[in-house]
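Engineer: I would like to see how this sequence folds:
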Amino acid sequence: MAPEATNHERIYRGIKADYLDGRFVVGQRIDMTMIADRHRVSLTPVRDAMHRLAGEELMEAHMDGGFRILIPDRERLFHLYAWNAHHIQSAVNASTEDALVRNMAEFAANPLPPSDLLRVHHVAAFFHALVTATGNLEYAAAVERSNERLAYVRLAEMSYFRRPDRELAQLVNPVTNNVHLNLRRRLWSYHRRRIEHVTAISNRVTADSTDGNGAVF
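Structural biologist: The predicted structure follows:
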């Protein structure tokens, strides 16, 4: 790979890592000059990375120029929740009981994290563990994409719902009997709760946003 291509990939991965670590502010224009300075590159690879992330529906154009993170509106979020539920349930249906039990047991070895951001990562990792039980790379790729798109929404969920730690513990607790049925019920309960509260969650995720030109971090 040419050095220029490698550099573009490095910047893209760095910005996506910042996105997933919750380092951007909802509604604020991202300071691409600051990113370029931090990575000691020109604006070109930063701008190219932003366009690539926009194609992944993680960024969108800001009204004052540049980019900001893309947050689904209420209707889009409703459909994204429903799609995620059906997709993961479909993956569960396509997996053997042994594969599901093995993946859940391996995942359960990880302790529940203490912070909201780490809990968001924990949910994403759990869903990824479930769909990889299928052995189908397309299932895994699709849920990875939805995990990324829901990252900031899930952060808002952590502050909206009471005792998110308890819900997360119930979600990831290993299932040992009637695995397919009980896991499907658990997954639908998790997503149905969000669908029922979609308006409030949509409002919460944008509640503290501004339309200014705030710093990136």
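Engineer: isn't residue 105 right up against residue 174?
Structural biologist: Yes. Here residue 105 lies in contact with residue 174, judged by CB atoms under 8 Å, at a distance of 5.6 Å. (C-beta placed from N, C-alpha, C; glycine too.)
Engineer: now the helices for the protein?
Structural biologist: 3-20, 32-39, 43-55, 74-94, 97-108, 116-132, 137-149, 151-160, 164-172, 179-196, 198-207 (DSSP state H).
Engineer: Residue 64: which of those helices is closest?
Structural biologist: Among the helices of the chain, helix 32-39 comes nearest to residue 64, with 12.5 Å by CB to CB.
Engineer: re the thing from before, can you put the helices of the chain in CSV and add mean neighbour count?
Structural biologist: CSV is the format used below for the helices of the chain (neighbours: other CB atoms under 10 Å):
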stretch, mean neighbour count
helix 3-20, 15
helix 32-39, 16
helix 43-55, 17
helix 74-94, 17
helix 97-108, 15
helix 116-132, 19
helix 137-149, 16
helix 151-160, 20
helix 164-172, 15
helix 179-196, 16
helix 198-207, 16
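Engineer: and residue 67, which of those helices is closest to it?
Structural biologist: Closest to residue 67 of the helices of the chain is helix 43-55 (CB to CB; 4.6 Å).
Engineer: can you give me how far the closest one is from the chain middle?
Structural biologist: On the basis of CA atoms, centre = their mean, to the nearest Å, helix 43-55 sits 19 Å off its chain's mean C-alpha point.
Engineer: Remind me what it packs against, helices and strands.
Structural biologist: For helix 43-55, the elements it packs on are helix 3-20, helix 32-39, strand 59-61, strand 67-69, judged by 3 or more CB pairs under 8 Å, 6 or more residues apart in numbering; DSSP states H and E.
Engineer: Now with 6 Å, please.
Structural biologist: Contacts defined by 3 or more CB pairs under 6 Å, 6 or more residues apart in numbering; DSSP states H and E place helix 43-55 against helix 3-20, helix 32-39.
Engineer: List the contacts of it.
Structural biologist: Applying CB atoms under 6 Å, 6 or more residues apart in numbering, the contact partners of helix 43-55 are 7, 8, 11, 12, 15, 32, 35, 36, 59, 67.
Engineer: What is the nearest of those residues to residue 81?
Structural biologist: Checking those one by one against residue 81 (CB to CB), the nearest turns out to be residue 59, at 21.0 Å.
Engineer: Please read off the pLDDT at the closest one from the model.
Structural biologist: For residue 59, the pLDDT comes out at 97.
Engineer: how many neighbours does it have?
Structural biologist: The number of residues packed around residue 59, counting by other CB atoms under 10 Å, is 23.
Engineer: was I right about it contacting residue 67?
Structural biologist: Yes. With contact defined as CB atoms under 6 Å, residue 59 counts as touching residue 67 (4.6 Å).
Engineer: what's the straight distance from one end of stretch 144-164 to the other?
Structural biologist: 21 Å (CA to CA, to the nearest Å).
Engineer: one step back: and the helices of the chain as TSV, adding distance to residue 63 and mean pLDDT?
Structural biologist: Converted to TSV, those look like this (distance: least, CB to CB, whole Å; pLDDT from 0 to 100):
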stretch	distance to residue 63	mean pLDDT
helix 3-20	20	88
helix 32-39	16	92
helix 43-55	15	95
helix 74-94	19	96
helix 97-108	41	89
helix 116-132	28	95
helix 137-149	21	96
helix 151-160	19	95
helix 164-172	33	91
helix 179-196	29	96
helix 198-207	15	93
